[in-house]
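Asker: Got a sequence here, can you build the structure:
(one chain, ligands or ions: 2)
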Amino acid sequence: MRPIKVAILGFGTVGSGVYELIETKQDLLEQLLGGPVRVDAVLVKDVGKSRTIHDDVLVTDDFSEILRLPELDVVIEAIVNVEPGYTYLRRAIEAGLYVVTANKELFANKGFELRQLAEKRGVKVCFEATVAGGVPIIGALKQLLRFNQVVKVEAILNGTMNYILTKMREDQVSLEEALLQAQRLGYAEADPANDVEGFDVLFKVVILLELLTGRKIDWDLVRCSGISDITPADISQASVRGERIKHVGSLVVDDQGQVEAEVRPVSVGESHKLYAIEGVDNAIVVTGDLTGDLVFQGPGAGKYPTASIMIEDLVSIFQSIKKAAVSR
Ligand SMILES: NC(=O)C1=CN([C@@H]2O[C@H](COP(=O)(O)OP(=O)(O)OC[C@H]3O[C@@H](n4cnc5c(N)ncnc54)[C@H](OP(=O)(O)O)[C@@H]3O)[C@@H](O)[C@H]2O)C=CC1
Ligand SMILES: N[C@@H](CC=O)C(=O)O
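Answerer: Ligands and ions are numbered 1, 2, ... in the order given. This is a model prediction of the structure:
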């Protein structure tokens with residue numbers, strides 16, 4: 001089998017993690033896919049930065065060069081902001097390439113359009129890493145949607161904010177100091193206001209709502225606030241009451257498909273399912289009409305959890321292509 005040829009867009013925390021895992025886990029990938037996976041190109045903003053990338057990999061800031069690569073199969077996108085990523089992914093899909101993305105801002109804004117375009121073009125767009133980092137919640141919800149109706153989701157969806165709130169309570173550090181630690185650990189967004197003002201969770205809630213309802217969501221529906229106003233005093237007062245402040249994204253979908261959603265800090269007691277979720281972990285409490293509450297928990301940010309989930313997407317795309325070829 002010829003190698004599966006990959007281009008990685010973005011070589012920051014996540015993109016470099018994808019590259020490293022593809023380099024170091026070739027045996028496992030061959031076992032799973034029946035052939036090697038090869039990174040042919042990496043797209044960045046500043047080609048002059050020093051990076052550990054093999055000499056035979058094209059490093060470019062020009063997406064057209066990537067589209068000209070012979071027999072490219074898939075684009076793995078981990079850059080920031082809606083543009084230029086949206087234009088690149090549209091062009092990739094139009095050229096018949098598969099797409100894997102971690103970019104939730106792009107996907108919350110344009111995921112609906114990209115999925116429609118991909119369907120027309122007969123390729124797949126996978127976006128597991130856009131919600132909850134290393135927790136495979138998109139796949140779990142797709143599975144549940146087959147028979148259960150998801151009526152409610154209540155979740156911690158930002159690793160940086162949960163890390164900050166945990167550190168402020170446990171180590172009595174300031175929000176700014178805890179954010180610096182989260183940035184050093186590779187958890188925070190390039191613009192950390194997206195984390196602490198709640199926008200990153202808003203993006204994730206919109207992605208979940210579009211998945212659950214199958215339609216484009218009007219963002220005005222979702223009230224959004226972050227943790228930038230939370231003080232050490234708020235945290236210690238919550239502790240005195242036996243509570244913890246958690247940043248929670250929640251949504252309900254009624255049987256007519258009408259939705260309500262909000263994103264905000266909440267003080268929760270010990271009996272609440274999100275009380276004990278600490279550090280960079282995310283947790284998603286999904287209520288199915290038949291299952292009742294299900295809890296999914298794990299690292300919501302970070303290099304290898306996120307990169308590995310993107311490679312899970314890659315594996316699932318090419319395993320399903322292989323399966324379809326065998327059954328033909
Ligand atoms: N960090 C995490 O834990 C998680 C991140 N994500 C998402 O993954 C994406 C990447 O995050 P992360 O790796 O942390 O971000 P970083 O800031 O570490 O890296 C961003 C990368 O994107 C490149 N880039 C930025 N703008 C452009 C542009 N205009 N054209 C080409 N390349 C560009 C940068 O290039 P250069 O190197 O030249 O600066 C850099 O390599 C984001 O969308 C984020 O929301 C999702 C889940 C978890
Ligand atoms: N900045 C985000 C990264 C993952 O989505 C977070 O902290 O959750």
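Asker: Excluding sequence neighbours, find me the nearest residue to the residue nearest the centre of the chain.
Answerer: Nearest residue to the geometric centre of the chain (CA atoms, centre = their mean): residue 130, 1.9 Å. Spatial nearest neighbour of residue 130, excluding adjacent residues (CB to CB, 6 or more residues apart in numbering): residue 104 at 4.1 Å. All C-beta spots, glycine's among them, are computed from the backbone N, C-alpha and C.
Asker: ok, the one you found - how many residues close by?
Answerer: Residue 104 has 25 neighbouring residues, counting by other CB atoms under 10 Å.
Asker: Just give me the neighbour total for the residue in the chain positioned nearest to ligand 1.
Answerer: Closest to ligand 1 within the chain is residue 12: 1.8 Å, counting by CB to the nearest ligand atom. Applying other CB under 10 Å, we find 15 residues neighbouring residue 12.
Asker: Please list the residues of the stretch 201-328 of the chain that sit near ligand 2.
Answerer: The interface of the stretch 201-328 of the chain toward ligand 2, taken as CB under 6 Å from any ligand atom, is made up of 300, 301.
Asker: Write out the residues of the stretch 201-328 of the chain neighbouring ligand 1.
Answerer: Proximity of the stretch 201-328 of the chain to ligand 1 (CB under 6 Å from any ligand atom) is limited to residues 301, 302, 306.
Asker: Just the closest of those to ligand 2, please.
Answerer: residue 301 (3.7 Å).
Asker: Report the contact partners of the closest one.
Answerer: Taking CB atoms under 8 Å, 6 or more residues apart in numbering as the criterion, residue 301 is in contact with 133, 158, 159, 160, 186, 187, 188, 280.
Asker: Separate out the buried members of those residues.
Answerer: The neighbour count (16 or more other CB atoms under 10 Å) marks 133, 158, 159, 160, 186, 187, 188, 280 as buried among those.
Asker: Local confidence estimate at the residue of the chain closest to ligand 1?
Answerer: What the model reports as pLDDT for residue 12 is 98.
Asker: hmm, back to that, may I ask which two of the buried ones among the contacts of residue 301 are separated the most?
Answerer: Pairwise distances across the buried ones among the contacts of residue 301 (CB to CB) peak at 14.1 Å, for the pair 158 and 186.
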